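> pasting the sequence and the predicted model now:
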Amino acid sequence: MQSVDQVQASRPLPTLRLGSKGDDVNYLQEALNEYGYKVTVDGIFGKKTEAAVKKFQKSRGLTPDGIVGPQTWSALRFD
């Protein structure tokens, strides 16, 4: 899997939220799984993905709003 930095280098990452769909959601779900937030990788930003995003955001000191914007993408960087 590419790191967030590698994906960002190829193109800007979009803001994702409940109802978003597509490859960027797949990537988000894969990243959440890598961090231990187990969600189904199906490319659909549903309630379970939103809940996992909120838990991840809270664990990183971000506002747990369930919206994946620049701050959340930045926090998803792999070391």
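Okay, I see it.

> what's near enough to touch the residue nearest the centre of the chain?
The residue lying closest to the centre of the chain (C-alpha atoms, centre = their mean) is Leu28, at 3.5 Å. For Leu28, the contacting residues are 16, 45, 49, 53, 68, 76, by C-beta atoms under 8 Å, 6 or more residues apart in numbering. C-beta here means a position set from N, CA and C on the backbone, and glycine is covered the same way.

> next, count neighbours for the third one.
Burial measure for Thr49: 26 neighbouring residues, criterion other C-beta atoms under 10 Å.

> isn't it right next to Val39, touching?
Yes. Assessed by C-beta atoms under 8 Å, Thr49 is found in contact with Val39 at 5.1 Å.

> what residues do those two have in common as contacts?
29, 32.

> re the thing from before, most widely separated two among the contacts of Leu28?
Phe45 and Leu76 (14.4 Å; C-beta to C-beta).

> what score does the spatially closest residue to Ile67 that is not a sequence neighbour have for pLDDT?
Counting by C-beta to C-beta, 6 or more residues apart in numbering, Ile67 lies nearest to Arg17, which is 4.7 Å off, once chain neighbours are set aside. Arg17 is assigned a predicted lDDT (pLDDT) of 99.

> tell me who's in contact with Arg17.
So Arg17 contacts 45, 50, 66-68 (C-beta under 8 Å, 6+ apart).

> narrow the residues you listed to just the buried residues.
45, 50, 66-68 (16 or more other C-beta atoms under 10 Å).

> quick one: which of the residues you listed is nearest to Leu32?
Once C-beta to C-beta is applied, the member of the buried ones among the contacts of Arg17 that ends up nearest Leu32 is Val68, at 9.6 Å.

> what about Asn33, neighbour count?
15.

> not including adjacent chain positions, what is the nearest residue to it?
Per C-beta to C-beta, 6+ apart, closest to Asn33 is Val39, 6.4 Å.

> look at that neighbour and tell me its secondary structure.
coil (DSSP: H, G, I helix; E, B strand; the rest coil).

> that concludes my questions; thank you for your assistance.
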